[in-house]
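> kindly return the folded structure for what I paste below:
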Amino acid sequence: MQPPARLIERWSRHRGLAAVGLLNLTAAAVFLVLMLIDDTTVLGIDRWIKPAKFGFSVGLYLWTVAWFLPSLRIGRGKIAAIGWIIAILMFFENLLIFTQAIRGTRSHFNFDTPLDGTICGWMGILVLLNTAMLVVLTALFVFRAADGPRPWIWSIRIGLFILLLGSGVGGFMISNGGHSVGAEDGGPGLPVVHWNANAGDLRVAHLIGLHGIQVIPFVAFLLGRTRMNDRRQLAVIVAFSVGYALLGGLLFWQAIEGIPLLSVRS
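This is a model prediction of the structure:
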């Protein structure tokens with residue numbers, strides 16, 4: 001498996017998704033470097049951590065969508081349009097997050113100044129539009145998926161559904177006014193991820209849900225390299241997906257109960 005060849009293939013599948021995905025991954029790498037030379041913090045956390053995480057996550061998501069889109073039976077023009085809409089929406093959403101990091105302030109739940117409130121408002125609009133596109137994408141894979149191995153197609157469908165659940169956790173965070181339950185955002189956090197170590201943190205379940213779109217199809221990919229027949233592969237994928245979804249549900253329950261994933265209390 002040669003990475004350059006894979007990158008070229010992803011580019012050929014959808015140039016917009018490939019380009020914006022690469023841009024986000026590059027930005028994430030830059031932010032990781034900035035963490036080494038700038039110790040400015042926001043809510044007690046290095047200001048470059050959040051944009052780095054979002055850059056990596058969005059870049060991976062866009063490349064994943066680029067990989068899956070040709071598995072739809074809707075025509076090249078519609079596939080191109082859907083990909084470009086998703087790429088543009090994600091570009092501007094992350095651009096606002098990056099802008100706030102550069103300004104040295106919070107991106108989410110920030111209404112400290114009129115400018116911050118405007119940026120946060122536009123982020124909310126972009127989140128809603130991106131969620132709407134995710135619903136469209138899920139519906140298309142349910143009703144207009146191309147012919148292909150059943151385990152593979154169903155892994156995409158299930159992954160998208162779990163991604164929708166993860167997005168729902170994001171909506172809950174908005175209604176909660178933050179990602180922490182039982183404490184204010186910020187404060188002591190776990191190494192690297194900085195999940196709240198003294199209260200519930202909705203970001204844990206959010207992360208599990210968002211990356212179901214990569215995890216479930218990856219399991220299908222591995223199963224496809226075995227000698228299992230399609231029926232057994234599909235059974236394993238469904239069983240794994242149920243366990244994965246239950247894990248996300250358990251982590252969500254833990255968070256809303258105000259229980260940290262791991263506590264640093266003495």
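> who's in contact with residue 83?
14, 16, 17, 65, 66, 69 (C-beta atoms under 8 Å, 6 or more residues apart in numbering). C-betas here are computed from N, CA, C, even on glycine.
> next step: these restricted to helices.
Counting by DSSP state H, the contacts of residue 83 place 16, 17, 65, 66 in helices.
> please save the CA atoms from stretch 252-264 in PDB.
Coordinates of each C-alpha in stretch 252-264 appear next as PDB, following Å, rounded to 0.1, in the frame of the first residue of the first chain:
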ATOM      1  CA  PHE A 252     -22.800   9.600  27.000                       C
ATOM      2  CA  TRP A 253     -24.700   8.400  30.100                       C
ATOM      3  CA  GLN A 254     -21.500   8.700  32.200                       C
ATOM      4  CA  ALA A 255     -21.000  12.300  31.000                       C
ATOM      5  CA  ILE A 256     -24.600  13.500  31.700                       C
ATOM      6  CA  GLU A 257     -24.300  12.000  35.200                       C
ATOM      7  CA  GLY A 258     -21.300  14.200  35.700                       C
ATOM      8  CA  ILE A 259     -18.800  11.400  36.000                       C
ATOM      9  CA  PRO A 260     -15.400  11.900  34.400                       C
ATOM     10  CA  LEU A 261     -14.000   9.200  32.100                       C
ATOM     11  CA  LEU A 262     -10.900   9.100  34.500                       C
ATOM     12  CA  SER A 263     -10.700  11.200  37.600                       C
ATOM     13  CA  VAL A 264      -7.600  13.000  38.900                       C
END
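> and that stretch, what's buried?
Neighbour counts over stretch 252-264 (16 or more other C-beta atoms under 10 Å) mark 252, 254, 255, 260, 261 as buried.
> taking those together, which two end up most distant?
With C-beta to C-beta as the measure, no two of these lie farther apart than 252 and 260, at 13.6 Å.
> all helices of the stretch 51-200 of the chain, in order?
76-103, 114-143, 150-176 (DSSP state H, counting those that start in this stretch).
> residues of the longest one that come out buried?
Just to be clear, that refers to helix 114-143. In helix 114-143, counting by 16+ other C-beta under 10 Å, buried: 116, 119-120, 123, 126-127, 129-131, 133-134, 137-138, 140-141.
> what helices or strands is that helix leaning on?
helix 76-103, helix 150-176 (3 or more C-beta pairs under 8 Å, 6 or more residues apart in numbering; DSSP states H and E).
> and that helix with helix 76-103, angle?
Inter-element angle recorded for helix 114-143 and helix 76-103: 150 degrees (by axes from the mean of the first three to the mean of the last three C-alpha atoms, to 10 degrees).
> run the angle between helix 114-143 and helix 150-176 for me.
Using the same axes, to 10 degrees: helix 114-143 against helix 150-176 is 150 degrees.
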